[in-house]
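>>> how would this look folded up:
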Amino acid sequence: MDKTIRRSRAEGSVTAPSSKSYAQRAVAAALLCEGTSTLTNMILCDDTRAALQVAADLGAEVEAGTDGTTYTVRGGLRPHAQAIHIGESGLAARLFTPIAALCGERITITGRGSILRRPLAMMEKPLRTLGAKVTSEGGYLPIRIEGPLHGGAVSVDGSLSSQFITGLLMALPLAERDTTLTVHNLKSRPYIDMTLSLLGTFGIDVKHNEYRQFFIEGRQRYAPARYNVEGDWSGASCLLVAGATTGEVTVRNLNPVSLQADMAIVDALTRAGAQITTTTDSVTVRRSPLHAFEFDATHCPDLFPALAALAASCQGTSTLRGTRRLAHKESDRARTIADVLESMGINVDLSTPDVMRVTGGEIRGAEVSSHNDHRIAMAAAVAALRCGQGSVTIRGAEAVAKSYPEFWDDLSGLLRPDEHGHNEKTTI
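Sure, this is the predicted structure:
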């Protein structure tokens, strides 16, 4: 699917989609409960839909409510299949592999698309140390795992991703013995905070020593809960950037004290000079003169596309740090961001290790590819709103379904003719 964007002003309000990071964790916790949990505000995307299917394949009974956003999940590990399919979700791969090991049966974890090219070898040695049998295709999916997980002492490298650590933190409370989990060079710490908070809601206690060691008592029991999935700061970030660069946008269904890493977009927008107003459940961003800014996205790497789109609208050269975290996303995201913005006439410098420098300027018409990366598609669309001449066509625009299926409808609903009367037709 292609989408063509012309110069426009974004003005109005939208409701943020559900956080897929929280939703997938909540589905996993509900699966591990003895009893029925209710998950509310579950606006589905491809990744959360895959998580619900995995939970069902591993034994949960999942039922959708009449409102389309409420799901009841009756927990219990009773695998119905020898293989589970995690779609294209990196979190699901790293989250449900340790959980599958609790079943005591041989289970194959597979997926599709870019996840088949994302390395998962970091899981194998720790899982073997904990008692599981693990084989893979050279460190890639499909992975075959057979439990049980015994617990014990294990070390994990946290520099590439925190998602596997989340999987261990959720699975090991049900292991036979207590576990001491030592984590080296932890990145994306906010995602671990999200996991620990959710575990507490479901009755699980995990202690830690400044995130270096986690002490997990075995043979705990998950308590069923009613859990409301908060709005997604990741999905909202591009729309907030659209407000800062072209008009005024309010995004509802956002928790202003969220543990989500990508709430840091507010800090970045502030550094760039945007006008921001927050309430108890919304954020409004208004256009104002924007200047170059510096920002370290090491702990919130999913913000890079939105940050780069913001920097493209700023006067001067912005410095974004943390590009090492981008190599194994849905695309080689740092290179992809550079290719897309350079096609639109924006200079992007990746010559310094772990750094991206973006020099703001006028956007020109172009044809660009999403590289099947949902965040690239959304960021390209927001950057294109400032197109000086012609239009920007985004190939592979359907990639947004991974996290934010309603993105194109929501963006289209915000678009107005700009101050020069461009884009009298405001639909995309």
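
>>> Nearest residue to Ile99 in space, please, no chain neighbours.
Setting aside the residues directly before and after it, Ile99 is nearest to Ala171 in space (Cβ to Cβ, 6 or more residues apart in numbering), at 4.9 Å. Every residue, glycine included, has its C-beta placed from N, CA and C.

>>> How about the contacts made by the one you found?
32, 98-99, 101-102, 149 (Cβ atoms under 8 Å, 6 or more residues apart in numbering).

>>> what do you get if the cut-off is 7 Å, keeping everything else the same?
Contact analysis of Ala171 by Cβ atoms under 7 Å, 6 or more residues apart in numbering lists 98-99, 101-102, 149.

>>> How about Ala64?
Neighbouring residues of Ala64 by Cβ under 7 Å, 6+ apart: Tyr71.

>>> rerun that using 10 Å as the cut-off
42, 44, 52, 70-72 (Cβ atoms under 10 Å, 6 or more residues apart in numbering).

>>> State the pair within these that is farthest apart.
Maximum pairwise distance in these, criterion Cβ to Cβ, is 14.7 Å, between Leu44 and Thr72.

>>> Next, please give the residue ranges for the helices of the chain.
Remark: helices assigned in the chain by DSSP state H are 20-32, 46-57, 90-101, 124-129, 163-171, 189-201, 233-246, 265-272, 304-311, 333-343, 374-384, 407-414.

>>> Of these, which is nearest Pro224?
Among the helices of the chain, helix 20-32 sits nearest to Pro224 (Cβ to Cβ), with 7.5 Å.

>>> hey, where'd the strands end up in the stretch 151-300 of the chain?
Along the stretch 151-300 of the chain, counting by DSSP state E, counting those that start in this stretch, strands occupy 152-157, 179-184, 206-209, 213-216, 226-228, 248-252, 275-278, 282-286, 294-296.

>>> Using JSON lines, lay out those strands together with mean neighbour count, mean pLDDT and distance to Tyr140.
What follows is the strands of the stretch 151-300 of the chain, written out as JSON lines (neighbours: other Cβ atoms under 10 Å; pLDDT from 0 to 100; distance: least, Cβ to Cβ, whole Å):
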{"stretch": "strand 152-157", "mean neighbour count": "17", "mean pLDDT": "98", "distance to Tyr140": "17"}
{"stretch": "strand 179-184", "mean neighbour count": "18", "mean pLDDT": "98", "distance to Tyr140": "23"}
{"stretch": "strand 206-209", "mean neighbour count": "14", "mean pLDDT": "98", "distance to Tyr140": "29"}
{"stretch": "strand 213-216", "mean neighbour count": "18", "mean pLDDT": "99", "distance to Tyr140": "27"}
{"stretch": "strand 226-228", "mean neighbour count": "16", "mean pLDDT": "98", "distance to Tyr140": "32"}
{"stretch": "strand 248-252", "mean neighbour count": "21", "mean pLDDT": "99", "distance to Tyr140": "36"}
{"stretch": "strand 275-278", "mean neighbour count": "14", "mean pLDDT": "98", "distance to Tyr140": "42"}
{"stretch": "strand 282-286", "mean neighbour count": "21", "mean pLDDT": "99", "distance to Tyr140": "39"}
{"stretch": "strand 294-296", "mean neighbour count": "16", "mean pLDDT": "99", "distance to Tyr140": "30"}
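
>>> Of those, which is nearest Ala377?
Nearest to Ala377, of these and by Cβ to Cβ, is strand 248-252 at 18.1 Å.

>>> okay, the angle between that closest one and helix 407-414?
Inter-element angle recorded for strand 248-252 and helix 407-414: 130 degrees (by axes from the mean of the first three to the mean of the last three Cα atoms, to 10 degrees).

>>> which helices and strands sit right next to strand 248-252?
strand 9-15, helix 233-246, strand 275-278, strand 282-286, helix 407-414 (3 or more Cβ pairs under 10 Å, 6 or more residues apart in numbering; DSSP states H and E).

>>> Domain map for the protein?
Segmentation of the chain into domains, based on automatic domain parsing, reads 2-17+231-416, 20-217.

>>> By neighbours, which of the contacts of Ala171 wins?
Pro98 (28 neighbours; other Cβ atoms under 10 Å).

>>> which ones are touching that residue?
Counting by Cβ under 10 Å, 6+ apart, the residues that Pro98 touches are 28, 123, 126-127, 130, 132, 145, 147, 149, 164-172, 174-175.

>>> which of those residues are buried?
Buried by 16 or more other Cβ atoms under 10 Å: 28, 123, 126-127, 130, 132, 145, 147, 149, 164-172, 174-175, out of the contacts of Pro98.

>>> thinking again about what came up before, just say which of the helices and strands packed on strand 248-252 is most tucked in.
Sort those by mean neighbour count, taking mean count of other Cβ atoms under 10 Å, and helix 233-246 sits at the top with a mean of 29.

>>> Tell me where this protein is predicted with low confidence.
328-331, 419-427 (pLDDT under 70).

>>> what's the burial count for Val348?
20.

>>> any idea how far Phe164 is from it?
31 Å (Cβ to Cβ, to the nearest Å).

>>> Number of residues surrounding Leu198?
Residues near Leu198, counting by other Cβ under 10 Å: 22.

>>> Could I get the contacting residues of the closest residue to it other than its chain neighbours?
Nearest residue to Leu198, sequence neighbours excluded (Cβ to Cβ, 6+ apart): Arg25, at 5.0 Å. Taking Cβ under 10 Å, 6+ apart, we find Arg25 in contact with 19, 51, 91, 95, 166-167, 169-170, 191, 194-195, 197-199, 201-202, 227, 229.

>>> OK, contacts around the closest residue to Leu310 other than its chain neighbours?
Among residues not flanking Leu310 along the chain, Val241 sits closest, at 4.7 Å (Cβ to Cβ, 6+ apart). When contacts are counted by Cβ under 10 Å, 6+ apart, Val241 is found next to 10, 249, 265, 268-269, 272, 274, 285, 303, 305-313, 378-379, 382-383, 385.

>>> what distance separates stretch 206-217 from the middle of the whole chain?
In terms of Cα atoms, centre = their mean, to the nearest Å, the centre of stretch 206-217 is found 24 Å from the chain centre.

>>> for it, how far is the first residue from the last?
7 Å (Cα to Cα, to the nearest Å).

>>> What lies in contact with it?
Under Cβ under 10 Å, 6+ apart, the answer for stretch 206-217 is 151, 153, 155-156, 158, 162, 165, 168-175, 177-184, 186, 189, 192-193, 195-196, 199-200, 204-205, 220.
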